[in-house]
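**Student:** with the sequence up front, the predicted model follows.
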Amino acid sequence: MAKKIIGNLKLRIPAGRATAGPPVGSTLGQWGLNMMDFINPFNDATKELQGKDVIVHLQVFEDRTFAWKSLGQPVDDLIREKTGIKKGSSKPHSEKVGSITRAQLEEIAELKKDQLNAIDMDGRVKVIAGTARSMGVEVTE
């Protein structure tokens, strides 16, 4: 029989640099989990993304064990990287802060293909383009 899940956590952690301090330590400590059982495997698995943030989904089970999955960089970080901007626009529909091409959108969509709710590449590109537009980034062909 499957273990009963008592918590689903979502964390944004610097790759390869998780420590027992906040946000990891305080979050895992609330659930009574052994921090080092997460920190060491996480740091080993994400060392190639050093210096970038990574999204992690963590399931906490009733017996105080857990399972985690790294989803890689957030889409907004990938868009900022491709366009070379520091942050999105505060007025995305009137003030544009950069532009992104379809080819760049396809690269991001390929990286995130397992996490996007889309049937084909066109659908994935539309999802990423929507995120870019909401950040004030103009989508060009």
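**Tutor:** Arrived safely.
**Student:** and for residue 125, the neighbour number?
**Tutor:** If you count neighbours by other CB atoms under 10 Å, residue 125 ends up with 20. Quick note: C-beta positions are derived from backbone N, CA and C, even for glycine.
**Student:** could you report the pLDDT at it?
**Tutor:** Note for residue 125: predicted pLDDT of 95.
**Student:** mind listing what it touches?
**Tutor:** 102, 105-106, 109 (CB atoms under 8 Å, 6 or more residues apart in numbering).
**Student:** in a strand, it, correct?
**Tutor:** No - counting by DSSP: H, G, I helix; E, B strand; the rest coil, one finds residue 125 to be helix, located in no strand.
**Student:** out of the contacts of residue 125, which is nearest to residue 136?
**Tutor:** The closest of these to residue 136 turns out to be residue 105 (CB to CB; 15.5 Å).
**Student:** for that closest one, give its distance to residue 118.
**Tutor:** 12 Å (CB to CB, to the nearest Å).
**Student:** how about the contacts made by the nearest residue to residue 91 once chain neighbours are set aside?
**Tutor:** Nearest residue to residue 91, sequence neighbours excluded (CB to CB, 6 or more residues apart in numbering): residue 136, at 7.1 Å. Residues near residue 136 by CB under 8 Å, 6+ apart: 88-93, 95-98.
**Student:** contact partners of stretch 48-61?
**Tutor:** Looking at stretch 48-61 with CB under 8 Å, 6+ apart, the contacting residues turn out to be 3-17, 31, 33, 38, 42, 46, 66-74, 77.
**Student:** can you list the domains in this protein?
**Tutor:** 5-72, 75-140 (automatic domain parsing).
**Student:** circling back: ok, residue 105 and residue 118, which is more surrounded?
**Tutor:** residue 105 (24 against 15).
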